[in-house]
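In: Let's see this in three dimensions:
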Amino acid sequence: MFNFLKKPKNKKAYKVQGMHCASCAAMIESDLEDAGFVAKCSYAKQIVEINDDGTIDEKRIKEIVKNAGYEVTSSV
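Out: Model prediction:
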């Protein structure tokens, strides 16, 4: 049953340079989830989508992705 009172989550998407395979995407997703974010990566599109509850810290996201060996190049 659909809950009309529950506010749908917004998503923010970022272009990530360097993802070449499913393992790359899984590693970024895992690192972001370990930091408390809900993320989904597409290595084919080189994009990571993150659920935004209004508290996204873009600087922190870029830092996590960089520490994993990739680079956030822009917002989508």
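In: going forward, measure contacts and count neighbours with C-alpha atoms only.
Out: OK.
In: so how far is the helix ranked longest in the chain from its chain's centroid?
Out: Assignment by DSSP state H gives helix 22-34 as the longest helix of the chain. For helix 22-34, the distance from its own C-alpha centre to the chain's C-alpha centre is 9 Å (Cα atoms, centre = their mean, to the nearest Å).
In: counting contacts, what elements does it pack onto?
Out: Applying 3 or more Cα pairs under 8 Å, 6 or more residues apart in numbering; DSSP states H and E, one finds that helix 22-34 makes contact with strand 39-42, helix 58-67.
In: Mind listing residues that contact that helix?
Out: M19, V38, A39, K40, C41, S42, Y43, I61, I64, V65, A68 (Cα atoms under 8 Å, 6 or more residues apart in numbering).
In: how big is the angle separating it from helix 58-67?
Out: 140 degrees (axes from the mean of the first three to the mean of the last three Cα atoms, to 10 degrees).
In: Now helix 22-34: average pLDDT?
Out: For helix 22-34, mean pLDDT is 96.
In: Give the buried residues for that helix.
Out: Buried residues in helix 22-34, defined by neighbour count with 16 or more other Cα atoms under 10 Å: C24, A25, A26, M27, I28, E29, S30, D31, L32.
In: ditto for stretch 64-76
Out: I64, V65, Y70, E71, V72.
In: pLDDT weak spots in the chain?
Out: 1-9 (pLDDT under 70).
In: How far off centre is the longest strand along the chain?
Out: For the chain, the longest strand by residue count, based on DSSP state E, is strand 10-17. In this view, strand 10-17 has its centroid 6 Å away from the chain centroid, taken as Cα atoms, centre = their mean.
In: repeat for stretch 26-37
Out: With Cα atoms, centre = their mean, you get 8 Å for stretch 26-37.
In: then that stretch to CSV, C-alphas only?
Out: Taking Å, rounded to 0.1, in the frame of the first residue of the first chain, the C-alpha atoms of stretch 26-37 are listed here in CSV:
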residue,chain,number,x,y,z
ALA,A,26,30.2,-1.8,-5.8
MET,A,27,33.3,-0.4,-3.9
ILE,A,28,32.0,3.2,-4.2
GLU,A,29,28.5,2.2,-3.1
SER,A,30,30.0,0.3,-0.1
ASP,A,31,32.2,3.1,1.0
LEU,A,32,29.3,5.6,0.7
GLU,A,33,27.0,3.3,2.6
ASP,A,34,29.6,2.8,5.3
ALA,A,35,29.5,6.6,5.8
GLY,A,36,25.7,6.5,6.2
PHE,A,37,24.6,7.4,2.6
